[in-house]
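**Q** sequence first, then the predicted structure:
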Amino acid sequence: MTFQITVQPSGHQFPCDEDETVLAAAMRAGVGLPYGCKNGACSSCKGKVVSGSITHKPHQRRALTEDEEEKGMSLFCCALPHSDLVIEAREVAGSGDFPVKKMPSRVSTLERVAPDVIVITLQLPANEVLEYRAGQYIEFLLPGGKRRSYSMATAPGQGAISLHIRHMPGGLFTDQVFGTMKERDILRFEGPLGTFFVREDSDKPMVLLASGTGFAPIKAIVEQMRATGSKRPMVLYWGGRRPQDLYMDALCRQWEQELPNLRYVPVVSDALPEDGWAGRTGYVHQAVVADQPDLSGWQVYACGAPIVVESAKRDFTALCGLPDDEFYADAFTTEADLAKP
(Lines give C-alpha, C1' and ligand atoms only; values in the text may rest on other atoms or scores of the structure.)
Protein backbone atom coordinates (compact mmCIF):
# COMPACT_ATOMS: atom_id res chain seq x y z
CA MET A 1 0.00 0.00 0.00
CA THR A 2 1.16 3.53 -0.80
CA PHE A 3 0.53 6.61 1.33
CA GLN A 4 0.78 10.34 0.61
CA ILE A 5 3.26 12.38 2.64
CA THR A 6 2.78 16.17 2.87
CA VAL A 7 5.61 18.33 4.18
CA GLN A 8 4.95 21.54 6.07
CA PRO A 9 5.60 24.39 5.61
CA SER A 10 6.67 23.81 1.99
CA GLY A 11 3.57 21.89 0.93
CA HIS A 12 5.67 19.37 -1.00
CA GLN A 13 4.08 15.95 -1.39
CA PHE A 14 5.46 12.54 -2.26
CA PRO A 15 4.31 8.89 -2.16
CA CYS A 16 5.69 6.44 0.38
CA ASP A 17 5.19 2.68 0.39
CA GLU A 18 4.19 1.04 3.66
CA ASP A 19 7.50 -0.85 3.87
CA GLU A 20 9.57 2.23 3.01
CA THR A 21 10.87 4.86 5.40
CA VAL A 22 9.69 8.43 5.02
CA LEU A 23 13.26 9.57 4.38
CA ALA A 24 13.90 6.95 1.69
CA ALA A 25 10.69 7.94 -0.09
CA ALA A 26 11.59 11.63 0.14
CA MET A 27 15.04 11.01 -1.32
CA ARG A 28 13.52 8.97 -4.13
CA ALA A 29 11.14 11.85 -4.89
CA GLY A 30 13.83 14.52 -4.73
CA VAL A 31 12.39 16.17 -1.61
CA GLY A 32 15.25 17.53 0.49
CA LEU A 33 14.62 16.34 4.03
CA PRO A 34 17.74 16.73 6.21
CA TYR A 35 19.59 13.53 7.12
CA GLY A 36 22.93 12.14 8.18
CA CYS A 37 23.49 8.51 9.17
CA LYS A 38 20.18 7.07 7.84
CA ASN A 39 20.35 4.55 10.70
CA GLY A 40 18.53 6.19 13.61
CA ALA A 41 21.65 7.30 15.44
CA CYS A 42 22.43 10.93 14.63
CA SER A 43 18.99 12.67 14.85
CA SER A 44 19.67 14.90 11.82
CA CYS A 45 16.37 13.80 10.23
CA LYS A 46 14.25 14.51 13.31
CA GLY A 47 10.92 16.22 12.62
CA LYS A 48 7.31 16.21 13.73
CA VAL A 49 4.37 14.09 12.64
CA VAL A 50 1.46 16.54 12.58
CA SER A 51 -1.14 13.97 11.55
CA GLY A 52 -1.20 10.30 10.62
CA SER A 53 0.23 7.13 12.06
CA ILE A 54 3.77 5.71 11.97
CA THR A 55 5.93 3.12 13.67
CA HIS A 56 9.68 3.35 14.10
CA LYS A 57 12.27 0.79 13.12
CA PRO A 58 14.98 0.19 15.76
CA HIS A 59 16.88 3.36 16.64
CA GLN A 60 18.94 4.86 19.41
CA ARG A 61 17.01 6.41 22.25
CA ARG A 62 19.45 9.29 22.53
CA ALA A 63 18.47 10.26 18.96
CA LEU A 64 14.74 10.17 19.77
CA THR A 65 13.67 9.93 23.38
CA GLU A 66 10.41 8.40 24.52
CA ASP A 67 9.25 11.85 25.65
CA GLU A 68 9.93 13.29 22.20
CA GLU A 69 8.14 10.40 20.54
CA GLU A 70 5.10 10.94 22.74
CA LYS A 71 5.06 14.57 21.59
CA GLY A 72 4.89 13.51 17.96
CA MET A 73 8.54 13.79 17.03
CA SER A 74 9.99 11.27 14.61
CA LEU A 75 13.23 10.08 13.06
CA PHE A 76 12.16 9.99 9.44
CA CYS A 77 15.00 7.61 8.51
CA CYS A 78 13.27 4.99 10.69
CA ALA A 79 9.61 5.99 10.28
CA LEU A 80 7.28 3.60 8.45
CA PRO A 81 3.85 5.07 7.55
CA HIS A 82 0.54 3.39 8.33
CA SER A 83 -1.59 6.17 6.83
CA ASP A 84 -1.26 9.39 4.89
CA LEU A 85 0.99 11.76 6.84
CA VAL A 86 1.45 15.46 7.37
CA ILE A 87 4.94 16.11 8.69
CA GLU A 88 6.84 19.18 9.80
CA ALA A 89 10.44 19.32 8.59
CA ARG A 90 13.05 21.88 7.63
CA GLU A 91 13.84 21.11 4.01
CA VAL A 92 17.34 21.61 2.68
CA ALA A 93 17.58 23.66 -0.49
CA GLY A 94 19.98 22.22 -3.03
CA SER A 95 20.28 18.77 -1.47
CA GLY A 96 18.91 17.10 -4.59
CA ASP A 97 20.84 19.17 -7.13
CA PHE A 98 23.42 16.49 -7.88
CA PRO A 99 22.65 12.89 -8.87
CA VAL A 100 23.55 10.05 -6.52
CA LYS A 101 25.77 7.65 -8.44
CA LYS A 102 27.41 4.28 -7.96
CA MET A 103 30.92 4.24 -9.38
CA PRO A 104 34.29 2.52 -9.11
CA SER A 105 37.42 4.27 -7.91
CA ARG A 106 41.09 3.37 -7.66
CA VAL A 107 43.14 3.84 -4.50
CA SER A 108 45.74 6.41 -5.50
CA THR A 109 47.57 6.93 -2.20
CA LEU A 110 47.44 5.72 1.41
CA GLU A 111 49.05 8.14 3.88
CA ARG A 112 49.20 7.48 7.60
CA VAL A 113 48.86 10.91 9.22
CA ALA A 114 48.41 9.70 12.83
CA PRO A 115 48.88 6.35 14.58
CA ASP A 116 45.22 5.52 13.99
CA VAL A 117 44.33 7.69 10.96
CA ILE A 118 45.01 7.05 7.28
CA VAL A 119 44.14 9.44 4.47
CA ILE A 120 42.95 7.54 1.39
CA THR A 121 42.96 9.37 -1.93
CA LEU A 122 40.71 7.87 -4.58
CA GLN A 123 41.14 8.50 -8.28
CA LEU A 124 37.78 8.74 -10.03
CA PRO A 125 37.09 7.34 -13.51
CA ALA A 126 38.17 9.70 -16.30
CA ASN A 127 34.76 9.45 -17.95
CA GLU A 128 32.79 10.11 -14.75
CA VAL A 129 32.09 13.32 -12.88
CA LEU A 130 31.15 13.26 -9.20
CA GLU A 131 29.32 16.47 -8.40
CA TYR A 132 28.83 17.17 -4.71
CA ARG A 133 28.80 19.86 -2.06
CA ALA A 134 31.68 20.22 0.36
CA GLY A 135 30.64 18.41 3.55
CA GLN A 136 28.79 15.51 1.95
CA TYR A 137 29.80 11.85 2.21
CA ILE A 138 30.01 8.64 0.21
CA GLU A 139 29.15 5.04 1.13
CA PHE A 140 31.54 2.25 0.22
CA LEU A 141 29.73 -0.79 -1.18
CA LEU A 142 31.20 -3.85 0.53
CA PRO A 143 30.59 -7.60 0.15
CA GLY A 144 27.36 -8.96 1.60
CA GLY A 145 25.48 -5.72 1.05
CA LYS A 146 27.41 -3.95 3.79
CA ARG A 147 28.08 -0.22 3.56
CA ARG A 148 30.45 2.15 5.34
CA SER A 149 30.16 5.93 5.22
CA TYR A 150 32.97 8.50 5.06
CA SER A 151 32.94 12.23 4.45
CA MET A 152 34.87 13.64 1.54
CA ALA A 153 37.77 15.78 2.75
CA THR A 154 38.36 17.59 -0.53
CA ALA A 155 36.45 20.36 -2.23
CA PRO A 156 34.57 19.41 -5.42
CA GLY A 157 36.02 19.51 -8.90
CA GLN A 158 39.46 17.98 -8.35
CA GLY A 159 39.10 14.63 -10.15
CA ALA A 160 40.04 12.80 -6.95
CA ILE A 161 38.63 12.67 -3.43
CA SER A 162 40.31 12.09 -0.08
CA LEU A 163 38.85 10.45 3.01
CA HIS A 164 40.14 10.42 6.59
CA ILE A 165 39.79 6.90 8.02
CA ARG A 166 40.24 6.23 11.73
CA HIS A 167 41.06 2.63 12.65
CA MET A 168 38.32 0.89 14.60
CA PRO A 169 39.88 -2.46 15.62
CA GLY A 170 37.63 -5.25 14.39
CA GLY A 171 35.95 -2.92 11.91
CA LEU A 172 34.91 -4.56 8.65
CA PHE A 173 36.34 -1.77 6.50
CA THR A 174 38.98 -0.10 8.67
CA ASP A 175 40.80 -3.39 9.35
CA GLN A 176 41.11 -3.71 5.58
CA VAL A 177 42.38 -0.14 5.22
CA PHE A 178 45.02 -0.59 7.93
CA GLY A 179 45.88 -4.17 6.99
CA THR A 180 45.56 -5.41 3.43
CA MET A 181 44.60 -2.37 1.33
CA LYS A 182 47.19 -1.18 -1.16
CA GLU A 183 47.54 1.39 -3.89
CA ARG A 184 45.66 0.61 -7.13
CA ASP A 185 42.97 -1.41 -5.31
CA ILE A 186 39.48 -0.83 -6.70
CA LEU A 187 36.70 0.35 -4.38
CA ARG A 188 33.06 0.94 -5.31
CA PHE A 189 30.99 3.63 -3.67
CA GLU A 190 27.72 5.51 -3.86
CA GLY A 191 27.36 9.25 -3.44
CA PRO A 192 27.06 12.09 -2.83
CA LEU A 193 24.92 11.71 0.28
CA GLY A 194 23.97 13.84 3.27
CA THR A 195 22.75 17.37 3.86
CA PHE A 196 25.77 18.66 5.78
CA PHE A 197 27.01 21.56 3.69
CA VAL A 198 27.18 25.35 3.94
CA ARG A 199 23.92 27.23 3.49
CA GLU A 200 24.96 29.72 0.84
CA ASP A 201 21.93 31.98 1.25
CA SER A 202 23.44 33.46 4.42
CA ASP A 203 26.40 35.71 5.13
CA LYS A 204 26.44 35.04 8.88
CA PRO A 205 29.78 34.29 10.53
CA MET A 206 30.38 30.58 11.05
CA VAL A 207 31.75 28.38 13.79
CA LEU A 208 33.28 25.25 12.25
CA LEU A 209 33.49 22.62 14.99
CA ALA A 210 35.33 19.33 14.49
CA SER A 211 36.38 16.47 16.74
CA GLY A 212 38.85 13.85 15.54
CA THR A 213 38.27 12.81 11.93
CA GLY A 214 35.18 15.01 11.92
CA PHE A 215 37.75 17.42 10.53
CA ALA A 216 37.38 15.79 7.08
CA PRO A 217 34.18 17.52 5.89
CA ILE A 218 35.21 20.74 7.67
CA LYS A 219 38.43 20.70 5.63
CA ALA A 220 36.39 20.34 2.43
CA ILE A 221 34.20 23.27 3.47
CA VAL A 222 37.18 25.54 4.15
CA GLU A 223 38.73 24.57 0.82
CA GLN A 224 35.47 25.31 -0.97
CA MET A 225 35.02 28.68 0.78
CA ARG A 226 38.57 29.56 -0.18
CA ALA A 227 38.09 28.50 -3.81
CA THR A 228 34.98 30.65 -4.19
CA GLY A 229 36.60 33.68 -2.55
CA SER A 230 34.09 33.80 0.29
CA LYS A 231 34.70 36.53 2.87
CA ARG A 232 32.40 35.07 5.52
CA PRO A 233 34.11 35.06 8.92
CA MET A 234 34.99 31.52 10.06
CA VAL A 235 36.32 30.29 13.39
CA LEU A 236 37.58 26.72 13.22
CA TYR A 237 37.66 24.77 16.49
CA TRP A 238 39.29 21.35 16.21
CA GLY A 239 39.37 19.06 19.23
CA GLY A 240 41.25 15.87 19.97
CA ARG A 241 42.29 13.84 23.00
CA ARG A 242 46.00 14.36 22.34
CA PRO A 243 47.91 16.68 19.97
CA GLN A 244 48.53 13.79 17.56
CA ASP A 245 44.78 13.64 16.96
CA LEU A 246 45.01 17.06 15.29
CA TYR A 247 46.81 15.39 12.41
CA MET A 248 46.61 18.37 10.02
CA ASP A 249 47.31 21.08 12.57
CA ALA A 250 50.02 22.60 10.35
CA LEU A 251 47.53 22.98 7.48
CA CYS A 252 45.05 24.76 9.75
CA ARG A 253 47.75 27.13 10.96
CA GLN A 254 48.67 27.80 7.32
CA TRP A 255 45.03 28.62 6.55
CA GLU A 256 44.98 31.05 9.45
CA GLN A 257 48.01 32.84 7.99
CA GLU A 258 46.64 32.95 4.46
CA LEU A 259 42.91 33.59 5.03
CA PRO A 260 42.14 36.86 6.84
CA ASN A 261 38.56 35.70 7.51
CA LEU A 262 39.58 32.45 9.29
CA ARG A 263 40.72 31.93 12.87
CA TYR A 264 41.91 28.54 14.16
CA VAL A 265 41.55 27.26 17.72
CA PRO A 266 43.01 23.79 18.46
CA VAL A 267 41.80 22.15 21.69
CA VAL A 268 43.21 19.05 23.43
CA SER A 269 41.33 17.27 26.21
CA ASP A 270 43.75 14.60 27.51
CA ALA A 271 47.31 15.66 26.75
CA LEU A 272 50.09 13.72 28.44
CA PRO A 273 53.12 15.45 30.00
CA GLU A 274 55.36 14.16 27.23
CA ASP A 275 53.13 15.86 24.63
CA GLY A 276 54.33 19.29 25.77
CA TRP A 277 50.93 20.77 24.91
CA ALA A 278 50.69 24.47 25.80
CA GLY A 279 47.46 25.31 23.97
CA ARG A 280 43.78 25.23 24.90
CA THR A 281 42.60 22.27 26.97
CA GLY A 282 39.22 20.72 27.79
CA TYR A 283 36.29 19.81 25.59
CA VAL A 284 36.22 21.53 22.24
CA HIS A 285 32.59 22.69 22.41
CA GLN A 286 33.26 24.30 25.80
CA ALA A 287 36.02 26.37 24.21
CA VAL A 288 33.40 27.75 21.82
CA VAL A 289 31.09 28.62 24.73
CA ALA A 290 33.93 30.45 26.49
CA ASP A 291 34.97 32.39 23.38
CA GLN A 292 31.58 33.02 21.80
CA PRO A 293 29.04 33.69 24.59
CA ASP A 294 26.62 35.23 22.06
CA LEU A 295 25.98 33.04 19.02
CA SER A 296 22.60 34.55 18.20
CA GLY A 297 23.87 35.92 14.89
CA TRP A 298 25.98 32.91 13.90
CA GLN A 299 25.74 29.59 12.11
CA VAL A 300 27.44 26.48 13.47
CA TYR A 301 28.66 23.54 11.38
CA ALA A 302 29.66 20.66 13.67
CA CYS A 303 31.08 17.26 12.84
CA GLY A 304 32.41 14.50 15.07
CA ALA A 305 31.34 11.89 17.57
CA PRO A 306 27.63 11.95 18.49
CA ILE A 307 28.36 12.99 22.09
CA VAL A 308 30.32 16.03 20.87
CA VAL A 309 27.60 17.07 18.43
CA GLU A 310 24.82 16.59 20.97
CA SER A 311 26.69 18.49 23.70
CA ALA A 312 27.48 21.33 21.32
CA LYS A 313 23.90 21.78 20.19
CA ARG A 314 22.60 21.65 23.76
CA ASP A 315 25.04 24.22 25.10
CA PHE A 316 25.15 26.54 22.10
CA THR A 317 21.37 26.91 22.04
CA ALA A 318 20.83 26.99 25.81
CA LEU A 319 23.85 29.06 26.87
CA CYS A 320 24.85 31.11 23.82
CA GLY A 321 21.53 31.91 22.17
CA LEU A 322 22.23 30.07 18.93
CA PRO A 323 18.98 29.67 16.98
CA ASP A 324 18.08 25.99 16.84
CA ASP A 325 17.74 26.12 13.06
CA GLU A 326 21.26 27.53 12.61
CA PHE A 327 22.99 24.42 13.97
CA TYR A 328 24.03 22.04 11.19
CA ALA A 329 25.71 18.78 12.04
CA ASP A 330 27.06 15.46 10.85
CA ALA A 331 27.52 13.00 13.71
CA PHE A 332 30.04 10.30 12.83
CA THR A 333 28.38 7.05 13.89
CA THR A 334 30.22 3.73 13.93
CA GLU A 335 28.81 0.23 13.77
CA ALA A 336 29.41 0.08 17.51
CA ASP A 337 27.24 3.18 17.92
CA LEU A 338 24.49 1.63 15.81
CA ALA A 339 24.58 -1.55 17.89
CA LYS A 340 23.71 0.31 21.07
CA PRO A 341 20.04 0.27 22.15
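**A** Yes, it's here. Numbering: from 1, shown residues only.

**Q** next one: the biggest strand by length in the chain to chain centre, how far?
**A** When the chain is parsed with DSSP state E, its longest strand is strand 101-114. For strand 101-114, the separation from the chain centroid amounts to 19 Å (computed by CA atoms, centre = their mean, to the nearest Å).

**Q** list the contacts of it.
**A** 118-125, 128, 130, 141, 160-161, 164, 177, 181-191, 244-245, 247-248 (CB atoms under 8 Å, 6 or more residues apart in numbering). Every residue, glycine included, has its C-beta placed from N, CA and C.

**Q** could you pick out the buried ones from the residues you listed?
**A** 118-122, 124, 130, 141, 161, 164, 177, 181, 187, 189, 191, 244-245, 247-248 (16 or more other CB atoms under 10 Å).

**Q** give me the subset of those lying in strands.
**A** Ile118, Val119, Ile120, Thr121, Leu122, Leu141, Ile161, His164, Leu187, Phe189, Gly191.

**Q** could you pull up the residues touching the fourth one?
**A** If you count contacts by CB under 8 Å, 6+ apart, Thr121 has them with Val107, Ser108, Thr109, Glu111, Ala160, Ile161, Ser162.

**Q** cutoff 6 Å now
**A** Ser108, Thr109, Ala160, Ser162 (CB atoms under 6 Å, 6 or more residues apart in numbering).

**Q** what about the strands in the stretch 151-300 of the chain?
**A** 160-166, 186-193, 206-211, 234-240, 262-268, 280-281, 299-304 (DSSP state E, counting those that start in this stretch).

**Q** which among those is found nearest to Ile5?
**A** Nearest to Ile5 among the strands of the stretch 151-300 of the chain is strand 186-193 (20.3 Å), distances taken as CB to CB.

**Q** His164 contacts Thr213, correct?
**A** Yes - using CB atoms under 6 Å, His164 is in contact with Thr213, at 4.4 Å.

**Q** not counting sequence-adjacent ones, nearest residue to Leu64?
**A** Leu75 (4.9 Å; CB to CB, 6 or more residues apart in numbering).

**Q** confidence score at the one you found?
**A** Each residue has a pLDDT score; the one for Leu75 is 91.

**Q** separation between it and Pro15?
**A** To Pro15, Leu75 is 20 Å away according to CB to CB, to the nearest Å.

**Q** over to Gly40?
**A** Gly40 is 22 Å from Pro15, by CB to CB.

**Q** and what of Gln176?
**A** Distance, Gln176 to Pro15, using CB to CB: 39 Å.

**Q** any stretches of this protein with poor pLDDT?
**A** 334-341 (pLDDT under 70).

**Q** all helices of it, in order?
**A** For the chain, the helices defined by DSSP state H occupy 22-29, 66-70, 174-179, 215-227, 249-258, 284-291, 306-319, 335-339.

**Q** which one of these lies nearest to Ala155?
**A** If we rank the helices of the chain by CB to CB, the stretch that ends up nearest is helix 215-227, at 3.8 Å.

**Q** buried sites along that closest one?
**A** Phe215, Ala216, Pro217, Ile218, Lys219, Ala220, Ile221, Val222, Glu223, Gln224, Met225, Arg226.

**Q** quick one: contacts for the first one?
**A** The contact partners of Phe215, by CB under 6 Å, 6+ apart, come to Trp238.

**Q** switch the cut-off to 10 Å
**A** Counting by CB atoms under 10 Å, 6 or more residues apart in numbering, Phe215 makes contact with 117, 151, 153, 164, 208, 222, 236, 238-240, 245-249, 251-252, 303-304.

**Q** then the last one?
**A** Applying CB under 10 Å, 6+ apart to Arg226 gives the contacts Ala155, Met234, Trp255, Glu258, Leu259, Asn261, Leu262.

**Q** could you measure from the fourth one over to Gly159?
**A** Right, the one you point to is Glu258. 23 Å.

**Q** go on, the fifth one?
**A** From Leu259 across to Gly159, the span is 24 Å (CB to CB).

**Q** which of these two has more neighbours?
**A** The residue with more neighbours, out of Leu259 and Gly159, is Leu259; 17 against 12, by other CB atoms under 10 Å.

**Q** which residue packs closest to the more buried one, ignoring adjacent ones?
**A** That would be Arg226: by CB to CB, 6+ apart, it lies 6.4 Å from Leu259.

**Q** follow-up on the earlier one: what angle sits between the longest strand of the chain and strand 234-240?
**A** For strand 101-114 against strand 234-240, the angle by axes from the mean of the first three to the mean of the last three CA atoms, to 10 degrees is 70 degrees.

**Q** adjacent strands (with direction) for strand 101-114?
**A** Paired strands of strand 101-114, with direction, are strand 117-123 (antiparallel), strand 186-193 (antiparallel) (DSSP bridges).
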